[in-house]
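Undergrad: can't give you the sequence, but here's the structure:
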């Protein structure tokens, strides 16, 4: 979708990048975003709470995700809701 909108296929990096990219769109809470966005509260207190924040060179799209203890079953989807919100509200994609 980003490629269709921008005409450029972004590189997808899984895990902690080394070295950290000069510019990036971060999806989900990762250790690097806490350093890049020190004034943003990533301690989500409400169900499926989201945050979309930007600096001159970075964007973070994240939300509260919760899983059943001891399993892979997810029951809160904050990050995916943050991505859908970003696409609709900021890029005009429905």
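TA: Looks like it came in fine. Given the structure is predicted, the values throughout are model-derived calculations rather than measurements. Numbering: from 1, shown residues only.

Undergrad: run a quick neighbour tally on residue 30.
TA: 16 (other C-beta atoms under 10 Å). Heads up, the C-betas are built off the backbone N, CA and C, glycines and all.

Undergrad: which element is the nearest residue to it once chain neighbours are set aside on?
TA: Distance criterion C-beta to C-beta, 6 or more residues apart in numbering; nearest residue to residue 30, sequence neighbours excluded, is residue 16 at 6.8 Å. Under DSSP states H and E, no helix or strand contains residue 16.

Undergrad: just want the phi and psi numbers for residue 16.
TA: phi -80, psi 120 (degrees, to the nearest 10).

Undergrad: got the contact list for it?
TA: Counting by C-beta atoms under 8 Å, 6 or more residues apart in numbering, residue 16 touches 30, 31, 32.

Undergrad: helix or strand with the lowest mean pLDDT in the chain?
TA: In the chain, no helix or strand scores lower on mean pLDDT, DSSP states H and E than helix 2-6, which sits at a mean of 79.

Undergrad: helix or strand right after that helix?
TA: Next element after helix 2-6 (DSSP H and E): strand 24-27.

Undergrad: mind checking how far the following helix or strand past that following strand is from the chain centre?
TA: Using DSSP H and E, the helix or strand that follows strand 24-27 in sequence is helix 31-36. Distance, stretch centre to chain centre, for helix 31-36: 12 Å (C-alpha atoms, centre = their mean, to the nearest Å).

Undergrad: buried set for whichever helix or strand comes after helix 31-36?
TA: With elements assigned by DSSP H and E, the helix or strand that comes after helix 31-36 is strand 50-54. Buried residues in strand 50-54, counted by 16 or more other C-beta atoms under 10 Å: 50, 51, 52, 53.
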